[in-house]
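[1] Return atomic coordinates for the entry below.
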Amino acid sequence: MTTTEREQISRRARALWQEEGCPQGRDRELWAQAELQVLKGRTAFRDGR
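    Numbering: from 1, shown residues only. So this is what the prediction gives:
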């Protein structure tokens, strides 16, 4: 994973956290969700979707 990807995931995870009302104890769950969204988006872009 590149630094750019980590930064994108971090921004997305923070956005998800804020959208969920800033819940405590869900950092790993929201990070994983953000990671899937960012990496899936890259794959779709690369595959022309």
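[2] Now do the SS call for residue 25.
    coil (DSSP: H, G, I helix; E, B strand; the rest coil).
[3] any idea how far it is from residue 17?
    Distance of residue 25 to residue 17, given as C-beta to C-beta, to the nearest Å: 11 Å. Just so you know, the C-beta spots here come from the backbone N, C-alpha and C atoms, and that holds for glycine as well.
[4] And these two? Which one has more around it.
    Taking other C-beta atoms under 10 Å, residue 25 and residue 17 do not tie; residue 17 has more neighbours (19 against 6).
[5] Could you find the closest non-adjacent residue to that one?
    Residue nearest to residue 17 in three dimensions, not counting chain neighbours: residue 30, with 5.3 Å by C-beta to C-beta, 6 or more residues apart in numbering.
[6] What strand or helix carries that neighbour?
    Taking DSSP states H and E as the criterion, the element that holds residue 30 is helix 27-46.
[7] In that helix, which residues have enough neighbours to count as buried?
    Along helix 27-46, these residues count as buried under the neighbour rule (16 or more other C-beta atoms under 10 Å): 30, 31, 33, 34, 35, 37, 38.
[8] Distance check, the second one against residue 22.
    Same thing as residue 31. For residue 31, the distance to residue 22 - C-beta to C-beta - is 15 Å.
[9] again with the last one
    Using C-beta to C-beta, residue 38 is found at 20 Å from residue 22.
[10] Please verify my assumption that the residue nearest to residue 17 contacts residue 15.
    No. The pair residue 30 / residue 15 is not scored as a contact, 9.3 Å apart, by C-beta atoms under 8 Å.
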